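Asks: Got a predicted model here, sequence first, then my questions.
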Amino acid sequence: MLTNKPRTKLLLDGGDPNETLRIKRLIGFVDGQTTNPSLIAKNPEIQQLLASGHRLSSQEEKDEYKKIVQSISPLVGDAGVSIEVFADLNTTADEMLAQGQEMFSWIPNAYVKYPCTHEGLRAAQMSVQKSVRVNMTLCFSQEQAAAVYAATKGSKAPVYVSPFVGRLNDQGEDGMDLVRNIKKMYERSDGHVHVLAASIRTINHLLCSFFLGAELATVPSKVLQEWATADFPMPDQDFTYKGVDAKGKPLKPIAYKDPDLNLPWDSFDLAHELTTKGIQKFVADYQSTLKRSA
């Protein structure tokens, strides 16, 4: 069991309360959890239902999601449980907000996940005005993170922004650079947005998140198990992160930009193909569990 907790809060990325319990026993704590439609679709109970030929109505899907989240909620600490709204590329901010407010009422430690799109940011802006805690997901650029900062100014609770490291790596870019760049950009900010390193694939990603001072990191159980097996290594001041792909080829660095955080949120360029692809993937995973509508 881990004796020295890292300063970075550790969240489990998953949708199975039994897995949360297992990891909590393994490392001694879980600060929070992130969930999404893909992880819920992989939940063992949902998988069993699907294997028996049952498909869920959208209401049943929501009820199952709520049940799963309510089981996870008491197992985790104050970083809370992030619950993702069901949004496709046409979902409006008002539709996201309605879902977000309902999901926020499910548990006392909820964070509502919205995508880093124009409508997602509009939903986030309205949410923080209603004291709904938010986690902005599928972040792939500094511009998106700058917009998150500007849209959620005045939030009483910390706002999370989730840069996706592994998915940038998948297309040959060094995703850890994005975490580093956002942290640097926020140095001159009021501190209301916390960086949640996401899409963590390796122990090296995890150690680099600690080294860069990410406030939070969400990690699949597989990587947390590997970290425990290696006796919980921590980065020292000489830690160097080498950004390489699965074949050992160096990843392309992501250059730092210097956006003005005081600009209106909708003046930033929010477009990123990986955000679009991420939404499409969640939609496909969500629909795989649903009944075909006539």
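Replies: Sure thing, it's come through.
Asks: what's residue 17 in contact with, if anything?
Replies: By Cβ atoms under 8 Å, 6 or more residues apart in numbering, the residues touching residue 17 are 68, 71-72, 75. C-beta here means a position set from N, CA and C on the backbone, and glycine is covered the same way.
Asks: Which of those ranks first by neighbour count?
Replies: Neighbour counts for those were taken using other Cβ atoms under 10 Å; the highest belongs to residue 72, with 25 neighbours.
Asks: Surely that residue is within a strand?
Replies: No: with DSSP: H, G, I helix; E, B strand; the rest coil as the criterion, residue 72 is helix rather than part of a strand.
Asks: does it really touch residue 33, like I thought?
Replies: Yes: because the distance of 5.3 Å satisfies Cβ atoms under 8 Å, residue 72 is recorded as touching residue 33.
Asks: Now for these two: what residues contact both?
Replies: Jointly contacting residue 72 and residue 33 under the rule Cβ under 8 Å, 6+ apart are 20, 81.
Asks: Rebuild the contacts of residue 17 as a markdown table, extending it with distance to residue 235 and pLDDT.
Replies: Formatted as a markdown table, these follow (distance: Cβ to Cβ, whole Å; pLDDT from 0 to 100):
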| residue | distance to residue 235 | pLDDT |
| --- | --- | --- |
| 68 | 33 | 97 |
| 71 | 33 | 98 |
| 72 | 29 | 98 |
| 75 | 27 | 98 |
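Asks: Out of those, which is nearest to residue 109?
Replies: Distance from residue 109 was checked for each of the contacts of residue 17 by Cβ to Cβ. The minimum falls on residue 72, at 9.6 Å.
Asks: Would you mind listing the residues in contact with the closest one?
Replies: Contact criterion Cβ under 8 Å, 6+ apart gives 17, 20, 33, 35, 81 as the residues in contact with residue 72.
Asks: Leaving out chain neighbours, which residue sits closest to the fourth one?
Replies: So that's residue 35. Once its chain neighbours are removed from consideration, residue 35 has its nearest residue in residue 15; the separation is 5.0 Å (Cβ to Cβ, 6 or more residues apart in numbering).
Asks: Then the last one?
Replies: Once flanking residues are discounted, residue 81 sits nearest to residue 33: 4.9 Å by Cβ to Cβ, 6+ apart.
Asks: Closest to residue 242 out of the contacts of residue 72?
Replies: In terms of Cβ to Cβ, no member of the contacts of residue 72 lies closer to residue 242 than residue 33, at 29.6 Å.
Asks: list the contacts for the closest one?
Replies: Here residue 33 is in contact with 11-14, 20, 72, 75-76, 80-82, 218 (Cβ under 8 Å, 6+ apart).
Asks: again, but for residue 226
Replies: By Cβ under 8 Å, 6+ apart, the neighbours of residue 226 are residue 203.
Asks: follow-up on the earlier one: the residue nearest to residue 35 against residue 44, yeah?
Replies: No: Residue 15 sits out of contact with residue 44 when judged by Cβ under 8 Å, with a separation of 9.3 Å.
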